[in-house]
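Undergrad: just the structure for this:
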Amino acid sequence: MGKIINKLITFLKEVRLEMKKVNWPTRETTIRYTLIVVGVSAVVAAYLGGLDVLFNTLLEKFVF
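TA: As a prediction, this is how the structure comes out:
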């Protein structure tokens, strides 16, 4: 049991060291990338929604 605890402690120490090495983005960069993702997601959603409406309309006219 003691061996497992020692391995866990060693693992957590190594995680802490690696987290210090991470090059974290600035607040501005994070906000910019978040807005890009939200914008692209909205455009794709609108495009797919438009296709859905188009195909539903076509199916209603020709199939039903």
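Undergrad: switch to C-alpha atoms for all contacts and neighbour counts from now on
TA: Will do.
Undergrad: give me the neighbour count for residue 57.
TA: Applying other Cα atoms under 10 Å, we find 11 residues neighbouring residue 57.
Undergrad: cool, and residue 10?
TA: Neighbours of residue 10 (other Cα under 10 Å): 12.
Undergrad: could I get the average pLDDT for whatever helix or strand it lives in?
TA: Taking DSSP states H and E as the definition, residue 10 sits inside helix 2-21. What helix 2-21 shows for mean pLDDT is 96.
Undergrad: got the buried residues for that helix?
TA: The neighbour-count check on helix 2-21 (16 or more other Cα atoms under 10 Å) flags nothing as buried.
Undergrad: and the most centrally placed residue in the chain, backbone torsions?
TA: Against the mean C-alpha coordinate of the chain, by Cα atoms, centre = their mean, the closest residue is residue 37 at 8.5 Å. With angles defined as degrees, to the nearest 10, residue 37 sits at phi -60, psi -40.
Undergrad: check residue 25 too.
TA: phi -70, psi 160.
Undergrad: neighbours around it, how many?
TA: 9.
Undergrad: do the same with the one 4 residues further on
TA: Close neighbours of residue 29, defined as other Cα under 10 Å, add up to 11.
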